[in-house]
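> Task: produce atomic coordinates for the following.
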Amino acid sequence: MVQFYKAKKTSSARQTMTLCAESIDQFGQGVGHHQGKTCFIEGMLPGETGKVAVTENKRHFMRAKLITLTTSSAQRREPLCPIYQQCGGCQQQHMSESLQHTSKAEALARLLKPVGVENVDDIISAQSWHYRRRTRMSLRVDDSGQLVMGFRRKKSNEIVDVRTCPVLVEKLNTVLEPLYHCLAQLQGAPHLGHVELVAADNDSVTVVLRHLRPLSDQDLKKLEQFSHKHSVSLFLADGQQQTLLRGEMPWYGIGEINLYFNPQGFIQVNAEINQQMIDNAIKWLNIQSTDRVLDLFCGVGNFTLPLARFASSVTGVEGLAELVAKAEYNAQQNNISNAAFYQHNLEQDVSQQPWAKQGFNKVLLDPARAGAAEVMPYICALQPECIVYISCNPATLARDSKIACQLGYRVVKVAMLDMFPHTEHLESMVLFERR
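Model (predicted):
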């Protein structure tokens, strides 16, 4: 007789308990202990005690959510955003900025401890509100026929309606309300996907509207009127191509350099931190007029062109042909002749590439979240004097740092970049020197 396993019924009621948070992790969760297990508590700060509800109970750890506080930390702050508890965009508005900085710096140091890092040398920060110059907002028509425009709810695909946001630059906030009213009036509103907004430095806002079906002439006229009235550059994207309806290609400035970019492409969203990051990279690399610099994952030339103002030559390498073309255009527009750009997938072997046979004495790389494990051995084989690694993922940074240290380099400086205040995102930059 065949017997089938039948799972035991479990209670749907959540377990509640009183816990004290002893510390905090990089994501802003309180860390406590219960019956020998580590418990990560959403919403609780170090030194606080309160009633929590268990949301996940694994063999070696637990997750819980704060219900009520018994004792409150002096580091607790009243969130500035009225929809903070619903919106998934920010996770740390209930924490002081100093606690945000120290918790991220300590987490970064822990991850880099295997390569000899005990403490973070610097925390690079700027204004923590109205810093974000780029955002993407979801669009959908609800069951009542009303358009909803906003960000995803915490741990959900549901959209929270947003009309203003305290982390967006004011230039974007001024456009949100009129943009919503324009989109809500379109016949094609049920077939809109999302909208991207970028505050460029050419005194305008750029809007990219993703639509899933062709827009009617009447809708196009309404969009053009909106664009003209609010001085907005408007692009339409159907998934295949991007069409400029009105306005111009956006650009942003780094000192005296202007960088043009595709509004759907990547740029650093925090202009002040980006400028500080570039200044620190130039300082850390100690760029001299005789240096030959290699800039990997160069994008539109965000680091390449500022470096070229001080070095003998800079070679930028990027995987996307569109970005390489834009970087070359930016070099021409800024009369920079000592920067050369190449396209290559840096997840593949680079040894036979024409640029790889050149000699470089200093290297900078700014990879995506996947990191640069494939190209790190090549970088170290060049034996540059120093390497600056910009990271948006501390886990892959830690992995790649081990590779560099195994191949003759050591970490000499680490900075935590507060690129996304009030969020769990942790960005950093590391300086390696040859032993």
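
> Just checking, which helix or strand succeeds the lengthiest strand in the chain along the chain?
If you go by DSSP state E, the chain has its longest strand at strand 61-71. Where DSSP states H and E defines the elements, the next helix or strand beyond strand 61-71 is helix 97-112.

> how is this protein carved up into domains?
Domains of the chain are assigned by automatic domain parsing as 16-76, 101-128+270-434, 134-246.

> The longest strand of the chain pairs with which strands, and in what direction?
Listed by DSSP bridges, the sheet partners of strand 61-71 and their directions read strand 37-42 (parallel), strand 49-57 (antiparallel).

> and these, which is most packed in?
strand 37-42 (a mean of 20; mean count of other CB atoms under 10 Å). Bear in mind the C-beta positions are built from the backbone N, C-alpha and C, glycine included.

> what about that strand, average pLDDT?
On average, the pLDDT along strand 37-42 is 95.

> that older thread, could you list the buried residues of the longest strand of the chain?
Residues 62-66 are the ones in strand 61-71 that count as buried (16 or more other CB atoms under 10 Å).

> Pull out the C-alpha coordinates of it and format them as PDB.
Taking C-alpha atoms only, strand 61-71 is exported to PDB below (Å, rounded to 0.1, in the frame of the first residue of the first chain):
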ATOM      1  CA  PHE A  61      17.500  32.500  12.400                       C
ATOM      2  CA  MET A  62      14.200  34.300  12.700                       C
ATOM      3  CA  ARG A  63      12.600  37.400  11.200                       C
ATOM      4  CA  ALA A  64      10.100  39.600  13.000                       C
ATOM      5  CA  LYS A  65       8.300  42.900  12.700                       C
ATOM      6  CA  LEU A  66       7.900  45.500  15.400                       C
ATOM      7  CA  ILE A  67       4.400  45.900  16.800                       C
ATOM      8  CA  THR A  68       4.800  48.200  19.800                       C
ATOM      9  CA  LEU A  69       7.800  49.700  21.600                       C
ATOM     10  CA  THR A  70       8.400  49.500  25.300                       C
ATOM     11  CA  THR A  71      11.600  51.500  25.300                       C
END
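
> Can you name the residues in contact with that strand?
With contact meaning CB atoms under 8 Å, 6 or more residues apart in numbering, strand 61-71 is reached by 16-19, 30, 34, 37-44, 47-57.

> The strands paired with strand 61-71 into CSV, with extra columns for distance to residue 400?
CSV is the format used below for these (distance: least, CB to CB, whole Å):
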stretch, distance to residue 400
strand 37-42, 26
strand 49-57, 30
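
> Residue 165 is nearest to which of the ones you listed?
Distance to residue 165, taken as CB to CB, is lowest for strand 37-42 among those, at 21.4 Å.

> Could you look up the SS state of residue 226?
Of the three states, residue 226 takes helix under DSSP: H, G, I helix; E, B strand; the rest coil.

> so where's this structure uncertain?
1-13 (pLDDT under 70).

> what about the helices in it?
Applying DSSP state H to the chain gives helices spanning 97-112, 170-184, 217-229, 271-285, 304-308, 321-333, 376-381, 394-406.

> so how far is the fifth one from its chain's centroid?
From the chain centre to the centre of helix 304-308 is a distance of 22 Å (CA atoms, centre = their mean, to the nearest Å).

> So which other helices or strands are in contact with that helix?
Where contact means 3 or more CB pairs under 8 Å, 6 or more residues apart in numbering; DSSP states H and E, helix 304-308 is packed against strand 257-260, helix 271-285, strand 292-296, strand 313-318, helix 321-333, strand 339-343.

> number of nearby residues for residue 127?
Residue 127: 10 surrounding residues under other CB atoms under 10 Å.

> Out of the strands paired with strand 61-71, which gets nearest to residue 107?
Smallest distance to residue 107 across the strands paired with strand 61-71 (CB to CB): 12.9 Å, for strand 37-42.

> contact partners of stretch 164-172?
Outside stretch 164-172, the residues that touch it by CB under 8 Å, 6+ apart are 80-81, 89-90, 129-133, 135, 173, 176-177, 197, 199, 205, 421-422.

> List the contacts of residue 73.
Residue 73 neighbours (CB under 8 Å, 6+ apart): 45-48.

> Counting neighbours, which of those residues comes out on top?
Highest neighbour count within these: residue 45, with 26 neighbours (other CB under 10 Å).

> wait, it sits on residue 25?
No. When contacts are counted by CB atoms under 8 Å, residue 45 is not listed as touching residue 25 (11.5 Å).

> looking at it, residue 434 is touching residue 384, isn't it?
Yes. Applying CB under 8 Å, one finds residue 434 in contact with residue 384, separated by 7.2 Å.

> Those two: which has the busier surroundings?
Each of residue 434 and residue 384 has its neighbours counted (other CB under 10 Å); residue 384 has more, 23 against 14.

> how deep is the residue nearest to the more buried one when sequence neighbours are not counted tucked in, by neighbour count?
Among residues not flanking residue 384 along the chain, residue 363 sits closest, at 4.8 Å (CB to CB, 6 or more residues apart in numbering). Residues contacting residue 363 under the criterion other CB under 10 Å number 23.

> my guess is residue 363 contacts residue 383, does it?
No. With contact defined as CB under 8 Å, residue 363 does not reach residue 383; the gap is 10.2 Å.

> Give me the nearest residue to residue 319, chain neighbours excluded.
What sits nearest to residue 319 in space, not counting adjacent residues and going by CB to CB, 6+ apart, is residue 345, at 4.9 Å.

> Now do that neighbour against residue 310, distance only.
Here the criterion is CB to CB, to the nearest Å. By it, residue 345 lies 29 Å from residue 310.

> count of neighbours near residue 397?
26.

> got a list of what it touches?
Contacts of residue 397 (CB under 8 Å, 6+ apart): 111-112, 371, 389, 391, 428, 430.

> Among the residues you listed, which lie within strands?
Using DSSP E, those in strands are 389, 391, 428, 430.

> what's the farthest-apart pair in those residues?
Comparing every pair within the ones in strands among the contacts of residue 397 by CB to CB identifies 389 and 428 as the most remote, at 8.5 Å.

> and the spatially closest residue to residue 291 that is not a sequence neighbour, what does it touch?
Take residue 291 and drop its neighbours on the chain: the residue closest to it by CB to CB, 6+ apart is residue 311, 4.4 Å away. Contact analysis of residue 311 by CB under 8 Å, 6+ apart lists 287-289, 291-293, 338, 362.

> Rebuild the residues you listed as TSV, extending it with neighbour count.
Compiled in TSV, the contacts of residue 311 are given as follows (neighbours: other CB atoms under 10 Å):
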residue	neighbour count
287	21
288	11
289	7
291	19
292	16
293	27
338	16
362	23
